[in-house]
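Asks: Just need the structure, nothing else, for what follows:
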Amino acid sequence: MAPPSLNTRVDRPNNNALLVLFAALSALGLYTMRISPVLNDLPVGFLDVVETGVLPNSMSLKKDYTGIKLVDETLALLVGAFVYGPTIWNEPFYWQQIHFLSQITALIAIMNVEACRERNRGSWLKYTAVYSFLYQNIGGAVIVPIWMILFHRISGPKSYFQTGRAVPLPYARSILPGTIILYLIPTIALFVPGKSLATLQNLLAFWQFTPVLVNIPLWFAALSASSATGSKSKTADLPHLKILYAFLFTFCVGAHWYTIRGISTSTNPAVSFASVFVPSTYTWNKSMDWGVLYIFQWDWIVCGLMNILPAWIAVCDVLRLQKGGATLENWLEGFIMVMTLTIGGGPGAALAAVWFWREQKLATLEGGVKAKKAQ
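Replies: Numbers count the residues shown, from 1 in each chain. The predicted structure follows:
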């Protein structure tokens, strides 16, 4: 039996509206993370802390890391922003960071998958190291939606899915170990208890580079990727990508329920699901750490949507390609599926699960196009 053919009668419907939505979310991230805090002098006393090197609880903030003044000043700002989570000085901040930093593992890895696809190699999507550098300094809520605008703009036309799904084997083999070694392990290390404050601050300074460092294996893979292209089966990457998605899903589900259990069993009266996940102008000026938490909460809200929305769109894309169009029922089914995954495992788990399902579907549909052309 011939594989199902790819129905390319229609482009993605209302794609321009989706692009506007992503742009609006980027603007929301910019306002809530950068503009609003400046207008309201938040976080309270943050710049004084960075200047004096003394935190509000009288602990020292390290200011020297590399010997390069501009780099060290930036790292001191970032370390000062992160330090209240891993130290558990602010427990709601601790649980918010665990959930946020673990769940975005899937987003980091899947952005690299899309950057390495044959059909995306000539696009702006491939510069993931640049986007990573920018979102570490400006905010994921500002930069990730911009990447999503580019991704959904080029994937909107009906011709996009006809060919070029494959990820060259050197890239497909590199993404998982690179993600684990250069992002996941340093992230977990932040929350391992028993470290001195100086060691933690050094780890936090190093961690700021990890979303960029995950690209290093891909740079080495690029040396052999061009020769590998076309020399293997166009589905040879599937086992590697499926293992990647399965790992991301499993890890995100585990981190999600670890966070839920931690919040549910905490004896700290300041800890609740609302205080961990919902930005509040009632608490944002209580102290420096609550102001920083407010910023992180908005960052995670927008970045979380950058997992959920693309997953939903991807489900509807596959249904559209199979049937020539996604009905309202299909859109609702896709929404229910993605939200069920999100509630059960977190936004990262939803994205990883959908990409696992999507990968095989697109490979099958692309095979149908080639079989049809060969007739």
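
Asks: Show the contacting residues for V142.
Replies: By CB atoms under 8 Å, 6 or more residues apart in numbering, V142 lies in contact with 26, 29-30, 33-34, 135. Bear in mind the C-beta positions are built from the backbone N, C-alpha and C, glycine included.

Asks: so where's this structure uncertain?
Replies: Across the chain, the ranges flagged by pLDDT under 70 are 1-9, 225-232, 368-375.

Asks: show me the biggest helix of it in terms of residues.
Replies: Taking DSSP state H as the criterion, the chain has its longest helix at helix 288-323.

Asks: Tell me how far that helix lies from the chain's centre.
Replies: 8 Å (CA atoms, centre = their mean, to the nearest Å).

Asks: The next helix or strand after that helix packs against which elements?
Replies: Counting by DSSP states H and E, the element after helix 288-323 in chain order, helix or strand, is helix 328-345. Judged by 3 or more CB pairs under 8 Å, 6 or more residues apart in numbering; DSSP states H and E, the packing partners of helix 328-345 are helix 238-265, helix 288-323, helix 347-374.

Asks: what residues does helix 328-345 touch?
Replies: 249, 252-253, 256-257, 307-308, 311-312, 315-316, 319-320, 323, 326, 349-350, 353-354.

Asks: Show me which of those residues are buried.
Replies: Restricting those to buried positions leaves 249, 252-253, 256, 307-308, 311-312, 315-316, 319-320, 326, 349-350, 353-354, with burial counted as 16 or more other CB atoms under 10 Å.

Asks: Excluding chain neighbours, give the residue nearest to I98 in space.
Replies: Nearest residue to I98, sequence neighbours excluded (CB to CB, 6 or more residues apart in numbering): T259, at 5.5 Å.

Asks: Over to H256?
Replies: Distance criterion CB to CB, 6+ apart; nearest residue to H256, sequence neighbours excluded, is G346 at 3.7 Å.

Asks: So which residue is smack in the middle of the chain?
Replies: L107 (2.9 Å; CA atoms, centre = their mean).

Asks: what about that one, which SS state?
Replies: helix (DSSP: H, G, I helix; E, B strand; the rest coil).

Asks: quick one, what contacts it?
Replies: 144, 303, 306-307, 348, 351.

Asks: Tell me which two in those are the farthest apart.
Replies: The largest distance within the contacts of L107, taken as CB to CB, falls between V144 and G348 and amounts to 12.8 Å.

Asks: more neighbours, those two?
Replies: The neighbour comparison of V144 against G348 (other CB atoms under 10 Å) goes to G348, with 33 against 28.

Asks: Pretty sure the more buried one sits against N307.
Replies: Yes - contact criterion CB atoms under 8 Å: G348 and N307 qualify, at 5.8 Å.

Asks: any idea how far L293 is from the nearest residue to I88 once chain neighbours are set aside?
Replies: Of all residues not flanking I88 in the chain, Y94 sits nearest, at 4.7 Å (CB to CB, 6+ apart). Per CB to CB, to the nearest Å, Y94 is found 10 Å from L293.

Asks: wait, what's in contact with G53?
Replies: So G53 contacts 60-63, 76 (CB under 8 Å, 6+ apart).

Asks: now, which of these lie within helices?
Replies: Among the contacts of G53, the ones falling in helices (DSSP H) are A76.

Asks: Using JSON lines, lay out the contacts of G53 together with distance to G45 and neighbour count.
Replies: Shown next, in JSON lines, are those (distance: CB to CB, whole Å; neighbours: other CB atoms under 10 Å):
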{"residue": "S60", "distance to G45": "15", "neighbour count": "12"}
{"residue": "L61", "distance to G45": "12", "neighbour count": "18"}
{"residue": "K62", "distance to G45": "18", "neighbour count": "19"}
{"residue": "K63", "distance to G45": "16", "neighbour count": "17"}
{"residue": "A76", "distance to G45": "15", "neighbour count": "21"}
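
Asks: Between all of the contacts of G53, which two are separated the most?
Replies: Most distant of those, by CB to CB, are S60 and A76, 11.2 Å apart.

Asks: Walking through the stretch 1-150 of the chain, point out its helices one by one.
Replies: 15-30, 36-39, 46-52, 69-82, 91-116, 128-137, 140-154 (DSSP state H, counting those that start in this stretch).

Asks: List the contacts of the third one.
Replies: Taking contacts as CB under 8 Å, 6+ apart, the residues outside helix 46-52 that touch it are 55-56, 61, 63, 73, 76-77, 80-81, 288, 291-292.

Asks: how about the helices and strands packed on helix 328-345 in JSON lines, adding distance to S102?
Replies: Formatted as JSON lines, the helices and strands packed on helix 328-345 follow (distance: least, CB to CB, whole Å):
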{"stretch": "helix 238-265", "distance to S102": "4"}
{"stretch": "helix 288-323", "distance to S102": "11"}
{"stretch": "helix 347-374", "distance to S102": "7"}
